[in-house]
Structure formats: C-alpha cells, structure tokens
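# Test case, fold it:
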Amino acid sequence: MKMVFAHDHYFIHHDEKVYSPGKLPYSAFARYLHHFDEIIVLSRYKSDSSFSPHWTLASGNGMVFKKIENHSSLKSVLLPSRKNVIAIKEALRGCDGVVIRLPSETGLITAKLARQMNIPYVVEVVACPWDAMVGYGSLKGLLYAPVLTWRVKQAIKKAWGAIYVTGSFLQKRYPNRHHVVSASNVELLPTSAYVLNQRLHKITASSSGPFKIGMIASLDSPHKGFNTLYQAIYRLKNRGFSIVLEITGAGSKFKNIKMIDELSLRDNIIFSGPRMPGKDIFSFLDTVDLYVQPSNQEGLPRAVIEAMSRACPVITSSAGGMPELCQSEYLHKPDDANGLAKNIEKLLNNRQEMLMMAHYSFNKARFYQPEFLERIRFDFFSHYKDYLLSRRRA
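Model prediction:
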C-alpha cells in the first residue's frame with residue numbers, strides 16, 4: 001500500500017539523498033512504514049552542494065520525495081501553482097492513504113485535492129494557525145489569520161480522523177468529530193530514576209557559578225519570544241542575580257545583538273548553534289538549571305517535553321497547549337517580560353521549590369514516553385489502514 005505525506009517542511013536534497021534540518025528524519029516516518037509499503041513525501045525543498053553535520057538523513061527504504069515549489073504569497077494561496085497542483089495530483093493517483101500535517105499550505109492543497117479525488121485522509125494537527133499569524137505582528141498576518149484558520153478548520157473537519165499533539169487545546173479550536181487521538185510528536189530517550197537522581201543532586205549541590213537557563217529553538221522563528229526572554233534576563237541582572245542564558249538552535253534572525261548590547265547582556269547570553277536531535281540535545285539539557293519557553297505561539301512544544309524528561313524545572317508562557325504541561329503558577333502571558341522575570345526569581349534561591357519542580361517534570365514526562373505514544377499511533381493507523389482496505393474490497 002502507498003501513502004502520501006504532505007507538509008511544508010523543508011527537506012534538503014544533497015548527493016542523491018534527502019536530509020532534514022529539523023525533526024523529520026527517516027526514523028520519524030517509521031510510524032507510517034509499519035502500515036504502508038511506500039511513502040511519497042510532498043514538501044518544500046532546498047538543493048545544497050555543501051553538507052552540514054547537523055542534518056539528519058530522511059531518505060531510505062520505502063521513501064520517495066517529491067519537490068513542491070514554495071509559494072507563500074496571497075496570490076499563490078488564492079491561485080495555487082499549476083505545477084504544484086499537477087505534482088500533487090500525480091502523487092495522489094494510485095495512493096491508498098494520505099497523511100497531512102497542519103498547518104501547512106502544501107497540506108491544505110493536498111487535502112482539497114484528496115477530497116476531490118475521494119481519497120480519505122488523516123491530519124496531524126501540530127500548531128494553531130490563528131496564533132501563528134497573529135504572532136507575526138504584521139498587517140499581512142492579521143489579515144490572513146481568519147482566512148487560514150477557516151481553511152485549516154475545514155480540512156480537519158472533513159478528514160477521516162485526526163491526531164493532535166495537545167490533549168485538549170487544539171482539539172477545541174480545530175475539531176474533528178470522527179476518529180481522534182492525542183499523541184505528541186516528541187521522540188524521547190528511554191529514561192530511568194537515574195535521570196531524576198542526577199537532577200536532584202545537581203539542585204542540592206553547592207555551586208559558585210551563575211544560574212544557567214536553557215532554551216532550544218530556531219533563532220529564525222518569530223514565535224519563540226526571544227526578546228521577551230532577553231528583557232527578563234536584563235531585569236534579573238539589574239536585581240543582582242548572576243545568570244547565563246544558553247540558546248541552542250539554528251538561525252540568526254532573532255539573536256538581536258542590538259537589543260543585547262543595549263541591555264548590556266553580551267556576557268550573559270550564549271548562542272551555541274544547532275545540536276543533533278537525541279543524545280546531543282539531552283546532554284545540553286542536563287547542564288541547565290532551568291528550562292524556559294516564552295513563546296507567543298505553540299502547539300505542544302517537543303523541547304519542553306524533552307526538558308521535562310530530564311527532570312528540568314520548566315517555566316513557559318501560557319501560549320497554545322503549554323498549560324497542559326506546566327504548573328499554572330509558573331506560566332506567564334506571552335510577551336510579558338516582567339511576569340517571566342518574576343517567575344524565574346521565585347526559583348533562584350529556592351532549592352526546595354526546584355526539587356519539587358524536578359519531580360513534577362519527570363513524572364509529567366512519563367506520559368510522553370515512546371512506548372506509550374507509539375501504541376496510540378499504531379492503533380490509530382491500524383484502524384485507518386483497515387478502513388482503507390475495506391473500501392478497496394468494496
């Protein structure tokens with residue numbers, strides 16, 4: 001059986017192989033390869049003659065990648081590229097199932113064509129398009145927000161079923177009344193009591209160094225709240241606290257060196273660049289005292305769950321599904337630097353509170369362990385495949 005996967009993710013084509021600069025390596029497609037023999041990936045692309053060690057291999061047995069041109073203008077939304085429409089239709093012909101990750105323009109076009117061709121599709125809902133568009137803070141984003149939100153709602157409503165990364169937030173805003181499950185797309189390492197004990201020891205051990213705050217995010221994303229975090233660190237520094245912030249992730253747009261210099265934070269902020277998913281990321285998390293996610297838009301961020309799996313105390317904004325993860329007293333409103341600074345200050349010299357938060361994070365992350373999420377996804381796609389086979393027999 002063949003399956004089409006549609007999303008706006010950028011895959012990099014290099015030396016006849018395809019790589020992902022983000023979180024869609026070959027292993028992420030295993031959940032589909034359990035049920036389908038071949039996966040045709042419809043996605044945006046980049047061709048690169050140079051190689052980066054931070055890429056992860058996405059191509060492999062059973063994978064076919066089709067290049068979809070990037071068209072993000074309003075005109076292309078109203079009148080999709082004929083070349084893209086032809087490519088998507090060709091991929092859909094002869095396929096049995098379709099998985100669409102939303103929000104994405106490639107996904108929305110594919111959903112519309114799948115309906116026209118009477119192919120039942122499922123959606124993976126990973127973020128809120130309304131929050132994303134409003135979060136840009138531009139007139140274009142504000143004007144397009146209601147249009148994109150309506151399009152995504154319709155695509156989800158008419159899908160055979162939906163997998164949501166949140167427990168309730170996205171389900172309420174973008175409902176599907178047919179076959180629904182909740183399963184984050186996080187990929188955690190197996191954990192044990194050793195991880196928690198190491199964290200507890202780190203908290204209780206005396207330290208003469210600065211309090212280290214960590215964050216994992218693309219520095220090209222306008223939604224991650226970097227400026228809010230810089231301003232919060234500035235407030236805490238002026239109150240006499242010794243703090244270092246380390247941000248790991250690709251990109252440079254929101255390093256905002258001008259603001260950092262104006263706030264005299266050059267010695268307080270480290271940009272350590274991208275790290276490989278898995279052990280490299282978890283090793284970084286083991287070095288931080290506190291993890292923060294001050295985003296103005298999120299679904300259910302994998303980075304927060306990864307941090308919690310290492311028993312990190314965690315502070316986040318109240319955006320998206322993050323209140324499902326974090327303790328309410330440690331939530332701040334998006335763009336509220338003062339609220340974020342106050343929440344961090346509560347912990348700076350409060351080891352008992354840090355110990356409590358470590359236990360909370362570790363126990364919460366258990367609900368996102370691989371064996372638990374894999375069973376949910378496996379059962380969902382087994383049900384979907386059975387339905388597709390019944391249609392074929394009929």
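# Phi, psi for the residue most central in space within the chain please.
Taking Cα atoms, centre = their mean as the criterion, residue 301 is the residue nearest the geometric centre of the chain, at 4.9 Å. Per-residue torsions, residue 301: phi -60, psi 130 (degrees, to the nearest 10).
# residue contacts, it?
293, 295, 316, 320, 322 (Cβ atoms under 8 Å, 6 or more residues apart in numbering). C-betas here are computed from N, CA, C, even on glycine.
# any idea which of those is least confident?
Least confident by pLDDT among the contacts of residue 301: that is residue 320, with 92.
# So that residue, which state does it fall into?
coil (DSSP: H, G, I helix; E, B strand; the rest coil).
# Give me the neighbour count for it.
Other residues near residue 320 number 28, with proximity taken as other Cβ atoms under 10 Å.
# quick revisit: do you know how far the residue nearest to the centre of the chain is from residue 16?
Using Cβ to Cβ, to the nearest Å, we find residue 301 at a distance of 34 Å from residue 16.
# now residue 48
13 Å.
# Same question for residue 210.
With Cβ to Cβ as the criterion, residue 210 and residue 16 are 47 Å apart.
# These two - which one has more neighbours?
For residue 210 versus residue 16, neighbours defined as other Cβ under 10 Å are more numerous around residue 210 (14 against 6).
# Next up, the contacts around the more buried one.
Contacts of residue 210 by Cβ under 8 Å, 6+ apart are 242, 243, 244.
# again, but for residue 131
Listed by Cβ under 8 Å, 6+ apart, the contact partners of residue 131 are 223, 296, 297, 298, 319, 320.
# give me the number of residues near residue 296?
Close neighbours of residue 296, defined as other Cβ under 10 Å, add up to 21.
# Now do the contacts for it.
Counting by Cβ under 8 Å, 6+ apart, residue 296 makes contact with 131, 135, 223, 225, 228, 317, 319, 334, 335.
# before we move on, back to that, please indicate which of the contacts of residue 210 are buried?
Buried by 16 or more other Cβ atoms under 10 Å: 243, 244, out of the contacts of residue 210.
# Which of the contacts of residue 210 sits closest to residue 5?
residue 244 (40.2 Å; Cβ to Cβ).
# What strands line up against whatever helix or strand the closest one lives in, and which way round?
Assessed by DSSP states H and E, residue 244 sits inside strand 243-248. When sheet partners are counted by DSSP bridges, strand 243-248 sits next to strand 211-216 (parallel), strand 269-271 (parallel).
# Those: which one's closest to residue 24?
Of the strands paired with strand 243-248, the one closest to residue 24 (Cβ to Cβ) turns out to be strand 211-216, at 16.3 Å.
# Output that closest one as PDB, nothing but the C-alphas.
Extracted as PDB, the C-alpha positions of strand 211-216 are listed here (Å, rounded to 0.1, in the frame of the first residue of the first chain):
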ATOM      1  CA  PHE A 211      22.400  30.100  37.400                       C
ATOM      2  CA  LYS A 212      22.100  28.600  33.900                       C
ATOM      3  CA  ILE A 213      18.900  29.000  31.900                       C
ATOM      4  CA  GLY A 214      18.500  26.900  28.700                       C
ATOM      5  CA  MET A 215      16.300  27.200  25.600                       C
ATOM      6  CA  ILE A 216      16.000  25.100  22.400                       C
END
